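> Below are the sequence and a predicted model for it; my questions follow.
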Amino acid sequence: MEMNLKQANKLEYNLEYPDGMYKDLFERVGHGILITRREGSVLDCNQALLNMLDYDSKEEFLSIDLENDLYKYPEDRKKFQEKIESQGSVKDYEIIFKKKTGDSIYILITSIPRFDSNQEVLGYQGLIIDITRRKMMEKEVREATRRFQKISEMGDDGIIVFDENYRIEFSNSMATEITGYSRESLSGMDFSLLLNSTEREFLADMYSEVMEDENRRLCMETNINTATGNSKEVELCITISKDEEGKVKTYAYTRDITHRKKMEREIREANQFLSKLIESSLDSIIVTDMEGNILIFNKGAEELLKYNAEEVIGKMNIRNIYPPGVAKKVMDSMRSLDYGGVGRLKSLPMVHKNKWGEMIDGSLSASIIYDDNGDEIATVGIFTDLRPRIKIEKKLHETQLQLLQSEKLAAMGRLTSQIAHELNNPIYGIMNTLELLKTEIPTNSTRRKILDMSISEIERVSEMLHNMLSFSKPKEEERRNIDINKLLKDIMLFHEKQLSESNIEIISDFNPNLPNIQASPNQIRQLILNIINNARDAMPNGGRLMIGTSSEDNNIIINIKDTGIGMPEIIKDKIFEAFFTTKHEIKGVGLGLSVCYGIVKDHGGDIIVISEVGKGSTFSIVLPLSFEYQN
């Protein structure tokens, strides 16, 4: 008896639902169920599959040709059959189907063959899952990943992504260049191994801070360990992202700052060098902005202007240091072509006022500092203190005057010597004549007293001529070792009574270990006597005369100090000039101290005078222990 088609189909795949227990599952399951014959026709399907493929009825779907109407690529039907029949089943096998509309749909099929009683394959039955959405999402992820990879390769930053256990999941090419590791080596590596122990602890702290705020980004400058075993200076920034399950991905951005740090060090060293150069300058260096506000104030400026850098930098304007109106004059000069070119000012005479109100003569050199666009941004001025040079020039002028005076004195000395020699013989003749006349006149005669007075005056004239000869050319005498202490004691012994009569107290302080010196005894005696006589004249009402000796280095020092009337500064500077005298009475012609000065200089020594009006004077005679005399 011939069966109908429905009965045949039931028999072919035994579609029986005892008590309907599986029929409801077949129809209500959310995924598609497909039963097909081996040759390519559809035996059955559920409603979920019809909905998936946009078919209106089962009858319509059962009439399609599987290979051409369901498979997007017909050859995939044969591949499916080969796989399921060789393996006995397929699980999550990915195939592209076509909907009724022709649109593609990605599916996963899990299927098994159906056999007859002879174990021959009749067809296939399986579960169909639509993964089109997942595939689209995967595609979007892939495209996003490709975009991320392309973007990550475009920058100068090394990008490393690691999980919660610090295991690296992604690295770009710049990361491999910075670390020296290949991508394969970095993949799966513990990120913390790139850091030393200190940076690991710091990274852990950073990580915990970032974990509290997903939008937070923390950066630090650190060193990383490279594949070569060396370290490299980098800037490291980290941020995180969390997925829906709360899993964390950490993004580490690293930038090689070796070159930048090197440049910073070089710039810092250059700045330090310039700062030290500026600070070590003896000149006053001041840098201001275009408003005149002081930006740099070096040590030279501090010492010269008596301000501390802290009280002027950012707090004072250069106008407070320049005299009124000078700041504008300086700027106008720098912008002019007449003072060294635009932007420069060469050696302009200038007077600065320091903190104490003192005016300082000096010279100003200045220039304008421009930026890359040629705009004025600052000025720098170098102020040179000219007071030492002015003092030297004054001293040089005085020396030139002294030289001129010396030349005059030399000429006068030669003339004096000639006059003295010419007068010497007549004077001695007069003295001898007067002495002869004395023998003829009684001692009690008035004329005898007049003769004595005349002889005394002639002797004084003779002494004056002797001084003039000594001034012109000191008497040459063989020099020998002399004991200065003994010489001074002998002089004081002969003059003690005379000084005592003038109410002058003598105080002596001789160094007992004073060495002998090579000197002319008579010239040193004349030197001491002249100074003692001046001291006596400076104490008309009496006082104290202190004489002492000491030694220092290779010199001996004779100090003669009086408590007399003293001398003002203007007189003290002239006392060694020939013919200069402060004595109102006719007691000499002013050659005494000039002769003393010549004797001391002839011995290679010096005379130092300290005097104060009303408090007396001190003459310090410095004589070397040994001096080679040159005629």
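Now that the structure is in, tell me what you want to look at. Just so it is clear, the model here is predicted, and its values are computed rather than measured.

> How many neighbouring residues does the nearest residue to Asp65 once chain neighbours are set aside have?
Nearest residue to Asp65, sequence neighbours excluded (Cβ to Cβ, 6 or more residues apart in numbering): Gly40, at 6.4 Å. Yep, even glycine has a C-beta here, placed from its N, CA and C like the rest. A total of 18 residues lie near Gly40 under the criterion other Cβ atoms under 10 Å.

> again with Glu303
13.

> How much space separates it from Phe383?
Distance of Glu303 to Phe383, computed by Cβ to Cβ, to the nearest Å: 12 Å.

> Helix, strand, or coil at the residue nearest to Asp65?
Assigned with DSSP: H, G, I helix; E, B strand; the rest coil, Gly40 falls in the coil class.

> Quick one, grab the pLDDT at it.
If you check Gly40, the pLDDT there is 87.

> ok, now which ones touch it?
65-67, 77 (Cβ atoms under 8 Å, 6 or more residues apart in numbering).

> how about the nearest residue to Arg167 once chain neighbours are set aside, phi and psi?
Distances taken as Cβ to Cβ, 6+ apart place Gly188 nearest to Arg167, at 5.9 Å, with adjacent residues excluded. Phi and psi for Gly188, reported as degrees, to the nearest 10, are phi 90, psi -10.

> I'd say Gly188 and Ile168 touch.
Yes. If you go by Cβ atoms under 8 Å, Gly188 and Ile168 touch, sitting 6.5 Å apart.

> hang on, the earlier thing: would you reformat the contacts of Gly40 as JSON lines and include distance to Lys58, pLDDT and neighbour count?
Formatted as JSON lines, the contacts of Gly40 follow (distance: Cβ to Cβ, whole Å; pLDDT from 0 to 100; neighbours: other Cβ atoms under 10 Å):
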{"residue": "Asp65", "distance to Lys58": "16", "pLDDT": "90", "neighbour count": "13"}
{"residue": "Leu66", "distance to Lys58": "15", "pLDDT": "90", "neighbour count": "19"}
{"residue": "Glu67", "distance to Lys58": "20", "pLDDT": "90", "neighbour count": "16"}
{"residue": "Arg77", "distance to Lys58": "21", "pLDDT": "92", "neighbour count": "18"}
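
> Going by distance to Met154, which of the residues you listed wins?
Arg77 (44.7 Å; Cβ to Cβ).

> Can you give me the buried ones in the helix or strand containing Glu269?
Element membership for Glu269, per DSSP states H and E: helix 258-280. Buried residues in helix 258-280, counted by 16 or more other Cβ atoms under 10 Å: Ile278.

> Which other helices and strands does whichever helix or strand comes after it contact?
Per DSSP H and E, helix 258-280 leads on to strand 284-289 as the next helix or strand towards the C-terminus. Under the contact definition 3 or more Cβ pairs under 8 Å, 6 or more residues apart in numbering; DSSP states H and E, strand 284-289 sits against strand 294-297, helix 299-305, strand 376-385.

> Can you tell me what sits against strand 284-289?
Applying Cβ under 8 Å, 6+ apart, the contact partners of strand 284-289 are 278, 294-298, 300-301, 304-305, 317-318, 321, 352, 362, 369, 377-385.

> mean confidence for the helix holding Glu269?
75.

> between it and strand 284-289, how big is the angle?
With axes from the mean of the first three to the mean of the last three Cα atoms, to 10 degrees applied, the angle from helix 258-280 to strand 284-289 works out at 130 degrees.

> Just give me how far helix 258-280 sits from the chain centre.
Distance of helix 258-280 from its chain centroid, counting by Cα atoms, centre = their mean, to the nearest Å, is 7 Å.

> Show me what it is packed up against.
Counting contacts by 3+ Cβ pairs under 8 Å, 6+ apart, helix 258-280 packs against strand 231-242.

> List the buried residues of the strand it packs on.
232-240.

> and which of the residues you listed is nearest to Ile531?
Nearest to Ile531 out of the buried residues of strand 231-242 is Glu233 (Cβ to Cβ; 78.8 Å).

> pLDDT at that closest one, what is it?
At Glu233, the model reports a pLDDT of 89.

> The stretch 1-150 of the chain: strands as residue ranges?
Taking DSSP state E, counting those that start in this stretch as the test, the strands found in the stretch 1-150 of the chain are 32-37, 42-45, 90-98, 104-115, 121-130.

> Quick one: distance of the third one to the chain centre.
What that stands for is strand 90-98. How far strand 90-98 lies from its chain's middle: 74 Å, per Cα atoms, centre = their mean.

> repeat for the shortest one
Taking Cα atoms, centre = their mean, one finds strand 42-45 lying 90 Å from the centre of the chain it belongs to.

> do the last one as well
Relative to its chain's centre, strand 121-130 lies at 83 Å (Cα atoms, centre = their mean).

> With just CA atoms, put that strand into CSV.
The C-alpha coordinates for strand 121-130 follow below in CSV (Å, rounded to 0.1, in the frame of the first residue of the first chain):
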residue,chain,number,x,y,z
VAL,A,121,23.4,9.0,5.3
LEU,A,122,19.9,10.2,4.5
GLY,A,123,20.4,13.8,5.4
TYR,A,124,21.4,16.2,8.2
GLN,A,125,19.7,17.9,11.1
GLY,A,126,21.0,20.7,13.3
LEU,A,127,20.7,23.9,15.2
ILE,A,128,21.2,27.2,13.4
ILE,A,129,22.3,30.3,15.4
ASP,A,130,22.3,33.8,13.9
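
> What residues sit buried inside that strand?
Neighbour-count burial for strand 121-130 [16+ other Cβ under 10 Å]: 122-128, 130.

> pLDDT (mean, whole number) over it?
Here the average pLDDT along strand 121-130 is 92.

> Skipping its backbone neighbours, what lies nearest Ser187 in space?
The shortest distance from Ser187 to any non-neighbouring residue, by Cβ to Cβ, 6+ apart, is to Ile168 (6.1 Å).

> what's the neighbour count on that neighbour?
By other Cβ under 10 Å, neighbour count at Ile168 equals 23.

> Validate this expectation: it resides in a helix.
No. Going by three-state DSSP, the assignment for Ile168 is strand, not a helix.

> Give me the contacts around stretch 487-503.
Contact partners of stretch 487-503, identified using Cβ under 8 Å, 6+ apart, comprise 506, 508, 510, 521, 524-525, 528-529, 532, 536, 539, 541-543, 545, 547, 549, 558.

> Ok, stretch 374-381 next?
Stretch 374-381 is contacted by residues 285-290, 295-296, 318, 330-331, 334, 364-371 when judged by Cβ under 8 Å, 6+ apart.

> Leu295 against Lys315, yeah?
No. Counting by Cβ under 8 Å, Leu295 stays clear of Lys315, with 11.2 Å between them.

> Could you check which of these two is surrounded by more residues?
Neighbours around Leu295 and Lys315, counted as other Cβ under 10 Å, are more numerous at Leu295. The numbers are 14 against 11.

> Next one: the more buried one relative to Tyr322, how far apart?
Distance, Leu295 to Tyr322, by Cβ to Cβ: 16 Å.

> Repeat that for Glu164.
In terms of Cβ to Cβ, Glu164 sits 67 Å off from Tyr322.

> Who has more neighbours out of those two?
Applying other Cβ under 10 Å to Glu164 and Tyr322 shows that Tyr322 carries more neighbours, namely 20 against 12.
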